[in-house]
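> my questions are about this predicted structure, shown below with the sequence.
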Amino acid sequence: MNRTRGRRGIAAPFALPAGSAALLVVGAIAAGMNGRLPAAGVLAAVAIVVTGVSLVAEPLTAPVLGVIGWLTVVGFSRPPYAELRPTGSVAAAAAVAMAACCLFGAGIGQLVRQFGSSFTLWIVDMRGDRVGGTSTWAGIRGRRQLAGVLLAAGLPLLTAALVAVRKDLSLADDLLIYLVAVVAVAVVGGFWPAVLAAVMSSLLLNWYFTPPLHTLTIAEPRNLLALLLFVTVAVAVSSVVHLSARRAIQAARSADEAASLLELAQTVLGGADTPAAVLDHLTGTWGGRAELAEQVRDQWIRVAMSGSAPPGASETRVQVRPGLALIVAGQTRLVTPRMLDGFAAQAGAALDRDRLRTQAAQAEALAEGNRMRTALLAAVSHDLRTPLASIKASVSTLRQTDVDWTAADEAALLATIEDAADRLDALIGNLLDMSRLATGSLQPFLRPTSIDEVAPVALRGLAPDMEMQMLVPDGLPLVRTDPGLLERVLANLFSNALAHSPPGRGPVMRAHHAGTSVILEIVDHGRGVPDGLKPRMFEPFDRLDERGTGTGVGLGLAVAKGFLEVMGGSVTAVDTPGGGLTIRVGLPVAVTSASSTTAADP
């Protein structure tokens, strides 16, 4: 169901003191006119006050105010004003009139507030916030209200004690003592128990302490005025005490809400900026179930959800914006509409930011793809066409019929063709490997592998005139890797080391065991690479001029790094002591044969 704000009129702590004061004014005017205001006039004035206050106040105010209005009519309808006459035609007419006024005022007021909101706009700020139909004007409720009622029920004991010392106390003293008792009831139980205590105190004061004793008749008008003032002051003080308690509860609730919003802000700023994280915080603090739903065409689709609610729990829907709503149900703690509005706004903003991050990631992936395609085209325009041009020229030369080529010339041309074809094959292989890494379609088959079996195979096909020394100690443990991919990795690393090694100082591959890894070091003694450029060595299509001109498209080291990461290995570049570059490869040791027979996840 949709969350709505209750419309029950001015709260009793405001309306009842105001109505009681107005009735006191009516009584004072009637007494001051000394009979010139007839009983019908007093009844009419009191009826106007009771009807007007009942019209704008919450319904519980009407019966209490009706009783006070009836007492006013009975006590001030005609002289002598000191006599309360609960029987007779005036008392009966006043009872009927007050009942009719209360029913009419409360009923019409409720209808007007329900269907004519424009009439009640002026009292919106004087009503308490309502959550789930429960007014927060209650301030003090539950067991404390019951304690207040029990404390009010103890007023006869106070009366018995005061009767025992009646000779030593005046009526003013009794009034003040009972006023203190009413305030104590208000502090413990809140407004309504205090109203009950005020009514009981006035009746007890009238019966036991106002001459003539043990009757509802009051001999002196000033004593009647004192009693009426006592009721008015008691109700007003109870209202102030009640409102103070309500403000304290609201302050505590506001502190809890502020702390919850602070935790939510820390959650969002700490990186958990998703709708699910916002809903988790809501249900973790207030309990129940929270759901963020979005309207797609004619259906509501759940975007995120957290927590659970008991079956049949009523739902509260907060509209974040058109087509997006927060739905909560079964909260174990009272959550105010403002808190729900705040969580709804945060959930909607988190959803927007999450989608923006997704779009940014997609845009970044597209930009990366465009960059790779641009670099690939640049590489194809030169590095791939160069070996093709060499092959084309050599073949065209061999096919010339007007020239007699010697066997040495033909062998040289065929060697050129073979060398260019090998270069072309290596370039195309690296391009295909890079595309497999970029698309995530590479699935290695990991199994225990021996380094001294893969490394010699990787060296085949490289320049035969270059020396490559391999130092693999006996007893080196097997590594968990894909032999085919590891062969491609070592071939690229060997080719890079051979290309940048000076004549007479070929590269060296050393292997050793370190903890749970086997470390391979491919060492060359070339010009080396500055520290600032080492991270760029493993980027696709990035060839460093400091390492020489090179003949590839800058994919060899990038492919090696990608293959090693897929297989669970690592690669870093460090300086060689005495000059040069050392590529350090780390591979995990194969612990058991059972673990090496399963394929790794892509």
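Perfect, thanks for sending it. Numbering: from 1, shown residues only.
> and the helices in the stretch 101-250 of the chain?
Under the criterion DSSP state H, counting those that start in this stretch, the stretch 101-250 of the chain contains helices at 143-153, 155-164, 171-189, 191-209, 221-269.
> nearest to residue 409, of those helices?
helix 221-269 (74.7 Å; C-beta to C-beta). For every residue, glycine as well, the C-beta is placed using N, CA and C.
> relative orientation of the closest one and helix 143-153 in degrees?
Counting by axes from the mean of the first three to the mean of the last three C-alpha atoms, to 10 degrees, helix 221-269 lies at 170 degrees to helix 143-153.
> okay, the helices of the stretch 101-250 of the chain, which one's buried deepest?
Of these, the one with the most neighbours on average (mean count of other C-beta atoms under 10 Å) is helix 191-209, at a mean of 22.
> which strands and helices sit next to that one?
Applying 3 or more C-beta pairs under 8 Å, 6 or more residues apart in numbering; DSSP states H and E, one finds that helix 191-209 contacts helix 12-33, helix 61-76, helix 143-153, helix 155-164, helix 171-189, helix 221-269.
> quick revisit: can you list the helices of the stretch 101-250 of the chain in JSON lines and add distance to residue 307?
Shown next, in JSON lines, are the helices of the stretch 101-250 of the chain (distance: least, C-beta to C-beta, whole Å):
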{"stretch": "helix 143-153", "distance to residue 307": "29"}
{"stretch": "helix 155-164", "distance to residue 307": "48"}
{"stretch": "helix 171-189", "distance to residue 307": "35"}
{"stretch": "helix 191-209", "distance to residue 307": "36"}
{"stretch": "helix 221-269", "distance to residue 307": "15"}
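> what mean pLDDT does stretch 302-319 have?
Across stretch 302-319, pLDDT averages out at 86.
> and the end-to-end length of it?
14 Å (C-alpha to C-alpha, to the nearest Å).
> can you give the distance from that stretch to the centre of its chain?
15 Å (C-alpha atoms, centre = their mean, to the nearest Å).
> for the helices of the stretch 101-250 of the chain, which one sits closest to residue 355?
Smallest distance to residue 355 across the helices of the stretch 101-250 of the chain (C-beta to C-beta): 15.5 Å, for helix 221-269.
> so that closest one versus helix 12-33, what angle?
Interaxial angle, helix 221-269 versus helix 12-33 (the same axes, to 10 degrees): 160 degrees.
> which elements pack onto helix 221-269?
Helices and strands touching helix 221-269, by 3+ C-beta pairs under 8 Å, 6+ apart, are helix 12-33, helix 61-76, helix 171-189, helix 191-209, helix 275-286, helix 337-379.
> tell me the most buried of these?
Highest mean neighbour count among the helices and strands packed on helix 221-269 (mean count of other C-beta under 10 Å): helix 61-76, a mean of 25.
> for that one, packing partners?
Helices and strands touching helix 61-76, as assessed by 3+ C-beta pairs under 8 Å, 6+ apart, comprise helix 12-33, helix 39-56, helix 89-115, helix 191-209, helix 221-269.
> can I get the CA coordinates of it in CSV?
Output of helix 61-76 as CSV, limited to C-alpha atoms (Å, rounded to 0.1, in the frame of the first residue of the first chain):
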residue,chain,number,x,y,z
THR,A,61,-10.0,15.4,22.7
ALA,A,62,-13.8,15.7,22.2
PRO,A,63,-15.1,13.6,25.1
VAL,A,64,-12.7,15.1,27.7
LEU,A,65,-13.6,18.6,26.6
GLY,A,66,-17.3,17.7,26.6
VAL,A,67,-17.1,16.7,30.3
ILE,A,68,-15.3,20.0,31.2
GLY,A,69,-17.9,21.9,29.1
TRP,A,70,-20.8,20.1,31.0
LEU,A,71,-19.2,21.0,34.3
THR,A,72,-18.9,24.6,33.1
VAL,A,73,-22.6,24.8,32.2
VAL,A,74,-23.7,23.2,35.4
GLY,A,75,-21.6,25.5,37.6
PHE,A,76,-22.1,28.8,35.8
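> how about the helices and strands packed on helix 191-209 in a markdown table, adding distance to residue 503 and mean pLDDT?
Below are the helices and strands packed on helix 191-209 laid out as a markdown table (distance: least, C-beta to C-beta, whole Å; pLDDT from 0 to 100):
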| stretch | distance to residue 503 | mean pLDDT |
| --- | --- | --- |
| helix 12-33 | 100 | 78 |
| helix 61-76 | 106 | 83 |
| helix 143-153 | 96 | 83 |
| helix 155-164 | 114 | 86 |
| helix 171-189 | 100 | 81 |
| helix 221-269 | 60 | 73 |
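> which pLDDT value belongs to the residue positioned nearest the centre of the chain?
Nearest to the mean C-alpha position of the chain, by C-alpha atoms, centre = their mean, lies residue 278 at 2.1 Å. Looking at residue 278, its pLDDT stands at 82.
> need the helices and strands packed on helix 61-76 in CSV (columns: distance to residue 68).
Converted to CSV, the helices and strands packed on helix 61-76 look like this (distance: least, C-beta to C-beta, whole Å):
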stretch, distance to residue 68
helix 12-33, 6
helix 39-56, 8
helix 89-115, 9
helix 191-209, 8
helix 221-269, 7
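> for residue 498, which of those helices is the nearest?
Nearest of the helices and strands packed on helix 61-76 (C-beta to C-beta): helix 221-269, 52.1 Å.
> now do the closest one and helix 61-76, the angle between them.
Using the same axes, to 10 degrees: helix 221-269 against helix 61-76 is 170 degrees.
> just want the angle from helix 221-269 to helix 337-379.
Computed with the same axes, to 10 degrees, the direction of helix 221-269 lies at 10 degrees from that of helix 337-379.
> now helix 221-269: how far from the chain's centre is it?
With C-alpha atoms, centre = their mean, you get 30 Å for helix 221-269.
> ok so, going back, what's the distance between the residue nearest to the centre of the chain and residue 567?
Counting by C-beta to C-beta, to the nearest Å, the gap from residue 278 to residue 567 is 39 Å.
> same check on residue 86?
Plainly put, residue 86 is 100 Å away from residue 567 if you go by C-beta to C-beta.
> swap in residue 191?
Distance from residue 191 to residue 567, by C-beta to C-beta: 75 Å.
> quick check: which of the helices and strands packed on helix 221-269 is nearest to residue 152?
Nearest of those (C-beta to C-beta): helix 191-209, 4.0 Å.
> run the chain-centre distance for the closest one.
With C-alpha atoms, centre = their mean, you get 51 Å for helix 191-209.
> again with stretch 420-428
Distance, stretch centre to chain centre, for stretch 420-428: 56 Å (C-alpha atoms, centre = their mean).
> kindly report the same for stretch 200-217.
On the basis of C-alpha atoms, centre = their mean, stretch 200-217 sits 61 Å off its chain's mean C-alpha point.
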